[in-house]
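>>> with the input below, show me the fold.
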Amino acid sequence: MQVRGLLLLLVLILLAATAEAGKNKKEKAKKESSECEDWRWGPCVPNSKDCGLGYREGTCKDESKKLKCKIPCNWKKKFGADCKYKFESWGGCSAQTGVKTRSGILKKALYNAQCEEIVYVTKPCSSKIKSKSKGQSPLLLS
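Numbering: from 1, shown residues only. From the prediction side, this is the model:
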């Protein structure tokens, strides 16, 4: 009988500890949430150099917050990492300039970023002549 009572006491202690841990998590979540709904977020500022992990600061009335963020190191576009665009296919190569162009239409602006509706990007034309893929065979003459 004493073993059963000891097990029951142990179970009650574990239940009480679990309930207390859940209560602490709920209180912590309440402290982190804010009543303010009109947050203004700044750009992502990398911790070092011009890409990688960093933070963005937000303000709302007299409150301020910092969020972790990341700028991919291959993202050197002038329109910023917070502006997401849907791009069309690359256009043909211009013989005069030696570049090809494509445009992108704004799909999403993250953190209320100021984004252009349409952007244009260019890249140098390839000097390589694309050969047929290995799976194709040349035309056979009859």
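
>>> enumerate the beta-bridge partners assigned to residue 40.
Note on residue 40: beta-bridge partners residue 59, judged by DSSP bridges.

>>> right, and residue 38 touches residue 59 too?
No: with contact defined as CB atoms under 8 Å, residue 38 does not reach residue 59; the gap is 9.6 Å. (Each C-beta comes from the backbone N, C-alpha and C, glycine too.)

>>> neighbour count: these two, which is higher?
For residue 38 and residue 59, the more surrounded residue by other CB atoms under 10 Å is residue 59, and the numbers stand at 14 against 8.

>>> who's in contact with that one?
39, 40, 65 (CB atoms under 8 Å, 6 or more residues apart in numbering).

>>> again, but for residue 125
93, 94, 98, 99, 100.

>>> which one (most neighbours) among the residues you listed?
residue 100 (17 neighbours).

>>> so which strand or helix has that one?
Residue 100 is part of strand 99-109, with elements assigned from DSSP states H and E.

>>> C-terminal to that strand, what's the next element?
With DSSP H and E, the next secondary element past strand 99-109 is strand 118-124.

>>> outside of that next one itself, list whatever touches it.
77, 79, 83, 85, 87, 90, 98-106.

>>> report the buried members of those residues.
The neighbour count (16 or more other CB atoms under 10 Å) marks 79, 83, 85, 100, 104 as buried among those.

>>> tell me the buried residues within the contacts of residue 59.
Looks like those have residue 39 buried, using 16+ other CB under 10 Å.

>>> and of the contacts of residue 59, the nearest to residue 114?
residue 40 (11.3 Å; CB to CB).

>>> pretty sure the closest one contacts residue 56?
No: the criterion here is CB under 8 Å, and residue 40 misses it with residue 56 at 10.6 Å.
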